[in-house]
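Peer 1: What follows is a predicted structure for the sequence shown.
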Amino acid sequence: ADTGDGDRGQPQKGVVAVLLRPRLESCDLLPRGRAAVRMSRLRRENQANQVNPARGGGQKIDRLLGGNNMKRRLLTSIMTLVMMLSLLPTAVLARDTGSGDPQEAEDTAEPAPKNGEEDTPTPVNTADGKLDLADGSIVISATGYTQGDVETKYTGDYTIMQTSEGSTTNNITVTGGDHQITLSGVNIDLSAQAEGIPCAFAIESGEVTLVLADGSENTLKSGWINKNNADTGISYAGLWVQEQAQVVINGGTGKLAAVGGGSGSSELGNTSLAAGIGASRAHASNKNNPWKSNVGTITIEGGVITATGSAAGTYGGAGIGGGGNNSDITITGGNVTANSGKTTTSGCAGIGSAYSQGGIKTITISGGTVNATGGSAGIGGGAYQGAGVILIDGGTVTAKSNGVGAGIGGGGGAWGSDAMGSNGSVTLTG
């Protein structure tokens, strides 16, 4: 390519240079083209020698060129060729085959997805069941859990811990399903709460295996709604096991302390109140929601357990049990201490039933170490309640009444002079 300064530059990479000669040489022409060049030379010579056509000089040229017609055709062809060559581009860009070839990049690039074909990532359940009470109250259902306003699908085992120091008013509720829940150092205290549902841990339905992490200390203290109102007044169990629920507590060195809600005088009528583990107790006049005062199935297989009933009112609450319906309490291991909320006056058993809560309890102890103290029976009946069914065939058991009931058996009356017509059965083996 001509650089404009008289030098011919080298063609650029990827460019084919087509160069036009500045003039035509006779050697480049066909025979007729060479004849035309000779014609031009002869004419110049004739003019210089003043050739006289009459003497035949012009005829020599005409014969050489083949006449006027032939001459015109030849000149026209030459001019046409020159014009065509002048119209050709002097440089043509060629396709670059190097690594930077845009066409090559286009060929190797993945096609963009069409509408509706975009890749959709598969949802991944990142939940691992490890929950922190410091982040809010926890509600566990058959299909997952809710903490705060976030619902997460999950069906595995749970571990609930608490990273905040001291106690928390966040609580735990199980609404259904079968779950294994490990408590690893929680301290729930709702004893000062008098609104909402101040229950530390409620199992509404389903079966829960409650594991106490080794070395952990766990506390469940509930509150109460102390109102003389049949529908709203209620004392909540520390660990509330409702009628459609079952709980199995186990562990090694892990500890659990559960306390029923309420202290001081009661506005809930002439009744005992909530258990440490077992039944809550609604107002004595509550007839619309009897489930609030009923209890499910309780099994203790291990762990260090202390259960204390409500200290409110005249009668307090049972340590483990209570409730207006018949139910089962089974202890196969662990170290269990159960005290009624009022241990110096009759009313409730350490393990068993409670005053004005007429459910019969079937109590089976086959292992572990058990210490039970009641204002009525140590193990058995509350005030005016029979022993129920008590089967003891293993373990180390200590039971006593600080009121008028039996150590193991019936609960006696509310007063020492009361005549008792209640019956029950006690079987001790081993």
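Peer 2: Sure thing, it's come through. Numbering: from 1, shown residues only.
Peer 1: Who does the helix or strand containing residue 365 pair with, and is each partner parallel or antiparallel?
Peer 2: Element membership for residue 365, per DSSP states H and E: strand 361-374. Here strand 361-374 is paired, per DSSP bridges, with strand 327-331 (parallel), strand 335-339 (parallel), strand 388-401 (parallel).
Peer 1: Name the spans of the stretch 301-430 of the chain whose pLDDT lies under the cut-off.
Peer 2: 414-425, 430 (pLDDT under 70).
Peer 1: before we move on, back to that, quick one, which of the strands paired with strand 361-374 gets closest to residue 211.
Peer 2: Proximity to residue 211 (C-beta to C-beta) singles out strand 335-339 among the strands paired with strand 361-374, at 15.6 Å. For every residue, glycine as well, the C-beta is placed using N, CA and C.
Peer 1: following that closest one, which helix or strand shows up next?
Peer 2: Per DSSP H and E, the first helix or strand lying C-terminal to strand 335-339 is strand 351-352.
Peer 1: chain center to that following strand: distance?
Peer 2: Put simply, strand 351-352 sits 40 Å off its chain's centre (C-alpha atoms, centre = their mean, to the nearest Å).
Peer 1: Please apply the same query to stretch 210-220.
Peer 2: Mean-position distance between stretch 210-220 and its chain equals 24 Å (C-alpha atoms, centre = their mean).
Peer 1: how about that stretch: buried residues?
Peer 2: Buried residues in stretch 210-220, counted by 16 or more other C-beta atoms under 10 Å: 210-213, 216-220.
Peer 1: And stretch 275-293, by the same measure?
Peer 2: 275-284, 286, 292-293.
Peer 1: So what would you say the end-to-end distance of that stretch is?
Peer 2: 10 Å (C-alpha to C-alpha, to the nearest Å).
Peer 1: next one: stretch 227-240
Peer 2: First-to-last distance for stretch 227-240 - C-alpha to C-alpha - comes to 20 Å.
Peer 1: would TSV of the buried residues of stretch 210-220 with secondary structure and pLDDT be doable?
Peer 2: As requested, the buried residues of stretch 210-220 are exported to TSV (DSSP: H, G, I helix; E, B strand; the rest coil; pLDDT from 0 to 100):
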residue	secondary structure	pLDDT
210	strand	98
211	strand	98
212	strand	98
213	coil	98
216	coil	98
217	strand	98
218	strand	98
219	strand	98
220	strand	98
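Peer 1: need the strands for the stretch 151-300 of the chain, in chain order.
Peer 2: All strands of the stretch 151-300 of the chain, identified by DSSP state E, counting those that start in this stretch, fall at 158-161, 172-174, 178-184, 187-189, 201-212, 217-221, 224-225, 234-235, 239-251, 255-259, 263-264, 277-278, 281-282, 297-300.
Peer 1: other SSEs contacting the fifth one?
Peer 2: Which is strand 201-212. Counting contacts by 3 or more C-beta pairs under 8 Å, 6 or more residues apart in numbering; DSSP states H and E, strand 201-212 packs against strand 172-174, strand 178-184, strand 239-251, strand 255-259.
Peer 1: Quick one: mean pLDDT over the second one.
Peer 2: For strand 178-184, the mean per-residue pLDDT is 98.
Peer 1: what separates the residue nearest to residue 429 when sequence neighbours are not counted from residue 228, distance-wise?
Peer 2: In space, and not counting its chain neighbours, residue 429 is closest to residue 393: 4.3 Å by C-beta to C-beta, 6 or more residues apart in numbering. Computed as C-beta to C-beta, to the nearest Å, the residue 393 to residue 228 distance reads 45 Å.
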